[in-house]
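1. Mind folding the following:
(2 chains)
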Amino acid sequence: SQQGEEDPQALSIQEGENATMNCSYKTSINNLQWYRQNSGRGLVHLILIRSNEREKHSGRLRVTLDTSKKSSSLLITASRAADTASYFCATDAGGAQKLVFGQGTRLTINP
Amino acid sequence: SQTIHQWPATLVQPVGSPLSLECTVEGTSNPNLYWYRQAAGRGLQLLFYSVGIGQISSEVPQNLSASRPQDRQFILSSKKLLLSDSGFYLCAWSVNSWKPQHFGDGTRLSIL
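-> Purely as a prediction, here's the structure:
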């Protein structure tokens, strides 16, 4: 089964609103990463949060991590049409030489 | 700066034909390399990863194989393609398993 599970599977909001996506995982981690994928393209790394961090910011992105609940959230503030994409969380599954990706959240920003 | 090249961008192959997808990385040495497959609207399934030349770890038993003949070259192959091999194949590299992965633009493989 997947280490990371995103929620919701799909999200549609109006431009200017904030978008929140959640990720839950099952085993201990060293870090959790968020990626973005535009349709038909490769994934692009957005942000990495270590297991000893609780919150991290990058521009309009805010990521939180709650290791006691094994969950993370990605907040995109003041959304733009160009933010339309799929967003994936990925974890290193406690030291394995690989990342395990969730199924993703498809975000649609309506102009 | 580092770049990753993956080709071809699209490929249409008949069932039973062989496959060779190539991925090369520039601007870094001894990267971790990864092959993923993505079904439409789904997440990424890790197929193979490599931490060095000739070192291949297989994640899912299947009709595919991978090789790393050079430090920055990763090849995905099949001797006989199945219909179920259709999908979007992505190559990625990272400095190590804890660092961000950098993806190529993918190959859309259709099996007829």
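2. which stretches of the chain form helices?
-> If you meant another chain, say so; for now it's chain A. Counting by DSSP state H, one finds no helices in chain A.
3. try chain B instead
-> Counting by DSSP H, chain B has no helices at all.
4. Now do the lowest-mean-pLDDT helix or strand in chain A: everything it contacts.
-> Sorting the helices and strands of chain A by mean pLDDT, DSSP states H and E puts strand A:4-7 at the bottom, at a mean of 80. With Cβ atoms under 8 Å, 6 or more residues apart in numbering or on different chains as the contact definition, strand A:4-7 has outside contacts at A:21-25, A:32, A:87-91, A:100-105. The C-beta positions use only the backbone N, C-alpha and C, and glycine is treated the same way.
5. Next one: B:Ala9 from chain A, what distance?
-> Distance, B:Ala9 to chain A, by Cβ to the nearest Cβ, to the nearest Å: 9 Å.
6. so which of the contacts of strand A:4-7 also contact chain B?
-> Counting by Cβ under 8 Å from any Cβ of the partner chain, A:Phe88, A:Ala90, A:Val100, A:Phe101, A:Gly102, A:Gln103, A:Gly104 from the contacts of strand A:4-7 sit close to chain B.
7. The last one and A:Ala85 touch, don't they?
-> Going back to what we said before, that points to A:Gly104. No - in this structure, A:Gly104 is not within contact of A:Ala85 by Cβ atoms under 8 Å, at 9.4 Å.
8. Show the model's pLDDT score for the residue of chain A found nearest chain B.
-> In chain A, the residue that lies nearest chain B is A:Gly42 (3.3 Å; Cβ to the nearest Cβ). For A:Gly42, the model assigns a pLDDT of 95.
9. So what's the residue count around it?
-> A:Gly42: 21 surrounding residues under other Cβ atoms under 10 Å in any protein chain shown.
10. List the single closest residue to it in space, sequence neighbours excluded.
-> Of all residues not flanking A:Gly42 in the chain, B:Phe103 sits nearest, at 3.3 Å (Cβ to Cβ, 6 or more residues apart in numbering or on different chains).
11. same thing with B:Ser17?
-> Here the residue nearest B:Ser17, using Cβ to Cβ, 6+ apart, is B:Leu81, at 5.5 Å.
12. Enumerate every residue touching the one you found.
-> By Cβ under 8 Å, 6+ apart, the residues touching B:Leu81 are B:Gln13, B:Pro14, B:Val15, B:Gly16, B:Ser17, B:Pro18, B:Leu19, B:Asn63, B:Ile111.
13. for B:Ile111, same thing?
-> B:Val12, B:Gln13, B:Pro14, B:Val15, B:Leu81, B:Leu82, B:Leu83, B:Asp85, B:Ser86.
14. Could you do A:Ala85 as well?
-> Contacts of A:Ala85 (Cβ under 8 Å, 6+ apart): A:Arg36, A:Gln37, A:Asn38, A:Ser39, A:Leu107.
15. Got the confidence number for the second one?
-> Note for A:Gln37: predicted pLDDT of 97.
16. ok, back up a step: for the residue nearest to A:Gly42, name its beta-bridge partners.
-> B:Ala92 (DSSP bridges).
17. what's around it, how many residues?
-> Neighbours of B:Phe103 (other Cβ under 10 Å): 22.
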